[in-house]
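Chemist: generate coordinates for the sequence data below:
(one chain, ligands or ions: 1)
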Amino acid sequence: MHLTMTSSGGMPSIPSSISPPPVSLPLRNIPGSYGFPLLGSISDRLDYYWFQGPDKFFRTRMEKNRSTVFRTNVPPSFPFFPTDPRVIAVLDCKSFAHLFDMEIVEKKNVLVGDFMPSISFTGNMRVCAYLDTSESQHSKIKNFITDILRRSSRIWISELESNLSTMWDGIESEIAKNKTSGFRNFLQPALFNFFSKTLAGADTAKSPEVAKSGYIDVIIWLGLQLVPTIHIGVLQPLEEIFLHSFRLPFFPIASRYQRLYDFFQKEGKEVVERGVTEFGLTKEEAIHNLIFTMGFNAYGGFSLFFPVLLDRILNDKTGLQQRILEEVRSKSSSGLTFESVKEMDLIYSLVYETLRLDPPVPSQYARARKDFKLTSYDSAYNIKKGELLCGYQPLVMRDPKVFDEPEAFNPDRFRGEKGVALLDYLFWSNGPQTGTPSEKNKQCAGKDLVVLTAVVFVAYIFKRYDSIAGEGGSITAFQRAN
Ligand code: HEM
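Modeler: Numbering: from 1, shown residues only. So this is what the prediction gives:
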């Protein structure tokens, strides 16, 4: 595949081979249908949440339509959601890349599709992730967050190591008592403390209540917003009736959210003030966006990503741990630093491969800003202004035209010249891994730090241990390094 890069203005760089027009492909009608009014969306909803689950849902429709671009409904929908479930699914790298082109799509209120949780969860305002690039607040807030990340890089690795140390101490003590330790119980407080400190400058030690339960409060706050969109798949039909039929209210978490607000207002004062004086935000905008970035984007993202990354290491039977260990020990004699970590290309590749196969944010949406022609490899399609595109990344990242043996987990995939070139097609951050997040696009502001943090997370383990063992989210044994 041809892999030259283009970069226009502040747009994310999209490989020319998968970027939109010039079009000389045959124009096709978009296959698939929305079915009969109401009945079609109910039937798709039940498939999505109950009979098939998202993966099979998209896969079977892709096969049935013999196309990676097709019409379908995605929930939440009938009966009590005032949403329009009709989307055009884009399931190959080339068609998916249209989601990054802010000239042809808009991203207003489509973070999780046509459905949007109540803004009472975010101080009655629309925070950054729901704003389109055409809205002036988007630039202000994205620049504010980018500035926070730039400044926090000073303490990023030291704070991360300190929280990882507490986390693994806790896991070791629990294994000594119970022979096994649930990894998440220690991961979540560590992540919460880490992001409070690095992003908001707020030390949880200053508030015993937040230190004790802040990380649980955020999980509940996230759950109430997102449950209507999440396939759980164990409690049917109760799940359909109680979790997928209406928006969940804010009031059960209101007082705890207020506690987080007060905490960030007080302990994150300096950061909040900078948001006001340097980026033109109101104090409330600065604090609610800080909570959202810290709680939803960062804490939420890593709470999903790290357990999967650890499972990949624990489940490997090919000697991966030994190879990681050799890389870490040979590259980190001066400690874990931005420079030493950059050299760990096996761990980088492992992190990329995990993000490819299990993107923590699986679905991305964007609405056509105007009529345009969308292209996949062999056809072009007319998209009308206002239509909603839905990309389901777990399938897009298995595009056989881009990735050899796409279903296989290959921790070396992104190494070497050929492997590095594949980064143009790694889309977990709502943009190519080679793109640059900016106020002109909607790519994850934390893109580079997310990868670096994951690399340090793995490197830390193999500086501390010669090997670890466990499964299903638990650690059962470890061999301490001498
Ligand atoms: C594993 C961790 C993470 C994952 C998987 C992740 C993924 C994503 C994705 C997919 C989007 C785009 C959503 C969309 O519009 O469709 C996004 C947006 C965003 N992310 Fe991340 N993210 C992670 C961590 C972080 C961190 C650590 C930060 C910053 C501290 C961050 C800040 C943001 C912001 C501010 C946006 C909105 C960008 C905009 O509106 O222009 N994320 N993230």
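
Chemist: give me phi/psi at the residue nearest in space to the middle of the chain?
Modeler: For the chain, V361 is the residue whose C-alpha lies nearest the centre (Cα atoms, centre = their mean; 3.7 Å). Torsion angles at V361 (phi, psi; degrees, to the nearest 10) stand at phi -110, psi 90.

Chemist: quick one, what contacts it?
Modeler: Under the criterion of Cβ atoms under 8 Å, 6 or more residues apart in numbering, the neighbours of V361 are 301, 393, 428, 430. No exception for glycine: its C-beta is placed from N, CA and C like everyone else's.

Chemist: same question for stretch 329-336, mean pLDDT?
Modeler: In this model, stretch 329-336 has an average pLDDT of 93.

Chemist: what's the closest of the contacts of V361 to the ligand?
Modeler: Within the contacts of V361, the smallest distance to the ligand is 2.5 Å, found for G301 (Cβ to the nearest ligand atom).

Chemist: neighbours of the closest one, just the number please.
Modeler: By other Cβ atoms under 10 Å, the residues close to G301 number 18.

Chemist: quick one: residues contacting it.
Modeler: Neighbours of G301 in contact, by Cβ under 8 Å, 6+ apart: 360-361, 446, 450.

Chemist: 6 Å instead?
Modeler: When contacts are counted by Cβ atoms under 6 Å, 6 or more residues apart in numbering, G301 touches P360.

Chemist: sec struct for it, please.
Modeler: Classification of G301 using DSSP: H, G, I helix; E, B strand; the rest coil returns helix.

Chemist: show the pLDDT at S379.
Modeler: Looking at S379, its pLDDT is 96.

Chemist: the spatially closest residue to F279 that is not a sequence neighbour - how many residues pack around it?
Modeler: Leaving out its chain neighbours, the residue that sits closest to F279 by Cβ to Cβ, 6 or more residues apart in numbering is F144, at 4.2 Å. Neighbour count for F144, taken as other Cβ under 10 Å: 26.

Chemist: so which strand or helix has F144?
Modeler: F144 belongs to helix 136-178 when assigned by DSSP states H and E.

Chemist: now do that helix: which elements does it pack against?
Modeler: If you count contacts as 3 or more Cβ pairs under 6 Å, 6 or more residues apart in numbering; DSSP states H and E, helix 136-178 packs onto strand 181-182, helix 183-200, helix 447-464.

Chemist: so how far is the ligand from the closest residue to N410 other than its chain neighbours?
Modeler: Distances taken as Cβ to Cβ, 6+ apart put E353 closest to N410, at 6.2 Å, once the chain neighbours are dropped. Taking Cβ to the nearest ligand atom, to the nearest Å as the criterion, E353 is separated from the ligand by 15 Å.

Chemist: same thing with Q225?
Modeler: Distance of Q225 to the ligand, computed by Cβ to the nearest ligand atom: 14 Å.

Chemist: in contact with that residue, which residues?
Modeler: Residues near Q225 by Cβ under 6 Å, 6+ apart: 117, 121.

Chemist: next: the one 5 residues further on.
Modeler: Contacts for I230 (Cβ under 6 Å, 6+ apart) come out as none.

Chemist: let's see 10 Å
Modeler: 49, 54, 76, 112, 223, 239, 243-244 (Cβ atoms under 10 Å, 6 or more residues apart in numbering).

Chemist: which among those residues end up buried?
Modeler: Taking 16 or more other Cβ atoms under 10 Å as the criterion, what is buried in those is 49, 54, 76, 112, 239, 243-244.

Chemist: make JSON lines from those and add pLDDT to it.
Modeler: As requested, the buried ones among the contacts of I230 are exported to JSON lines (pLDDT from 0 to 100):
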{"residue": "Y49", "pLDDT": "91"}
{"residue": "P54", "pLDDT": "96"}
{"residue": "P76", "pLDDT": "84"}
{"residue": "V112", "pLDDT": "95"}
{"residue": "E239", "pLDDT": "84"}
{"residue": "L243", "pLDDT": "84"}
{"residue": "H244", "pLDDT": "84"}
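
Chemist: and the furthest pair within those residues?
Modeler: V112 and E239 (17.3 Å; Cβ to Cβ).

Chemist: the closest residue to S120 other than its chain neighbours and the ligand, how far apart?
Modeler: Nearest non-adjacent residue to S120, counting by Cβ to Cβ, 6+ apart: F250, 4.0 Å away. In this view, F250 and the ligand are 21 Å apart by Cβ to the nearest ligand atom.

Chemist: run a quick neighbour tally on L304.
Modeler: Neighbours of L304 under the rule other Cβ under 10 Å: 15.

Chemist: which residues in the stretch 301-450 of the chain form strands?
Modeler: According to DSSP state E, counting those that start in this stretch, the stretch 301-450 of the chain carries its strands in the segments 363-368, 372-375, 380-383, 388-392.

Chemist: JSON lines for the ones you listed, including distance to M116 and mean neighbour count?
Modeler: Shown next, in JSON lines, are the strands of the stretch 301-450 of the chain (distance: least, Cβ to Cβ, whole Å; neighbours: other Cβ atoms under 10 Å):
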{"stretch": "strand 363-368", "distance to M116": "11", "mean neighbour count": "22"}
{"stretch": "strand 372-375", "distance to M116": "24", "mean neighbour count": "22"}
{"stretch": "strand 380-383", "distance to M116": "22", "mean neighbour count": "19"}
{"stretch": "strand 388-392", "distance to M116": "12", "mean neighbour count": "23"}
